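>>> Build me a structure from this.
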Amino acid sequence: MLLRDGKKAGSGSEVGKMKIQMIPGQKSQVPLSSAITNMHEDGQESIPKDLSLNVSTVTQQTMGVFSHVMPGSYDSGVPEMEKLYMEGRITQKVECIPHADDRYMRMKMESIRKAAIPKRQAEQLDRIVLTFKPVSDHKNNIEYMQRKKAEGKKARDDSDKVMDMLFAAFEKHQYYNIKDLVRITRQPVAYLKEIMKDLCRYNSKNPRRNMWVLKPEYRHYKQHERATTMDYDSVDY
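Have a look, this model is predicted:
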């Protein structure tokens, strides 16, 4: 609040007077001028008038006072860098502490009361609101919809054509996941599974769990590959 009211004071205005106590153990006093303490708006609590100065030595931090020179003209085409100078090192810290009088307590109670007020409050409307603010969609949803539109709607092809694509795929690899087969054939999952029930077997046990393999009558593997396949097959209908 001292900073708030001090900014309203004119240039060269008197802020207060420092009263230095020569008695050992007594802290210096700073009574503020009435021009500062009375400079508050209606409804605002005035700042405390009497303050104490607490002077301590800075030991845990290294602080300094710096000045800087703003760059000059840019006519040369090469921008001039801002120059920074160190004016000195801070060795003492002065804290301005208000006295715990009635004015200070009222000021603290007012600040606590204002801090407890929620920034957003519910308001009961007496009419129906017909306009709604747009809500941005999630980034992943937008990317998914764009990718889905780019790929186009999956249309059912002729079953013979789908079977040819499946046979061509199983010539490259012996086992497939359903997601890979959907990507290769570009067919709806339900329609693809309907065709695969006649051509393939579904493995429900390790080491080829949740994968599809051609039935023995549709395979054209070599003899040793066929023997290996028969050992791994575990069928669920």
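>>> CA atoms for contacts and neighbours, from now on please.
Noted.
>>> mind listing the strands in the protein by residue range?
Ranges of strands within the chain are 28-31, 50-57, 63-69, 83-90, 92-98, 200-203, 211-214, 235-236, based on DSSP state E.
>>> Can you say which of these is packed in most?
Most buried of those, by mean neighbour count (mean count of other C-alpha atoms under 10 Å): strand 211-214, with a mean of 22.
>>> Please identify which of the strands of the chain is closest to residue 182.
Residue 182 lies closest to strand 211-214 among these, at 12.2 Å (C-alpha to C-alpha).
>>> Tabulate the strands of the chain in CSV, adding columns for mean pLDDT.
Compiled in CSV, these are given as follows (pLDDT from 0 to 100):
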stretch, mean pLDDT
strand 28-31, 64
strand 50-57, 79
strand 63-69, 89
strand 83-90, 90
strand 92-98, 82
strand 200-203, 88
strand 211-214, 89
strand 235-236, 42
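>>> could those strands go into JSON lines alongside distance to residue 181?
Shown next, in JSON lines, are those (distance: least, C-alpha to C-alpha, whole Å):
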{"stretch": "strand 28-31", "distance to residue 181": "83"}
{"stretch": "strand 50-57", "distance to residue 181": "75"}
{"stretch": "strand 63-69", "distance to residue 181": "67"}
{"stretch": "strand 83-90", "distance to residue 181": "66"}
{"stretch": "strand 92-98", "distance to residue 181": "73"}
{"stretch": "strand 200-203", "distance to residue 181": "12"}
{"stretch": "strand 211-214", "distance to residue 181": "9"}
{"stretch": "strand 235-236", "distance to residue 181": "19"}
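>>> where's residue 197 relative to residue 208, distance?
Counting by C-alpha to C-alpha, to the nearest Å, the separation of residue 197 from residue 208 is 17 Å.
>>> Domains in this protein, by residue range?
2-65+86-116, 153-236 (automatic domain parsing).
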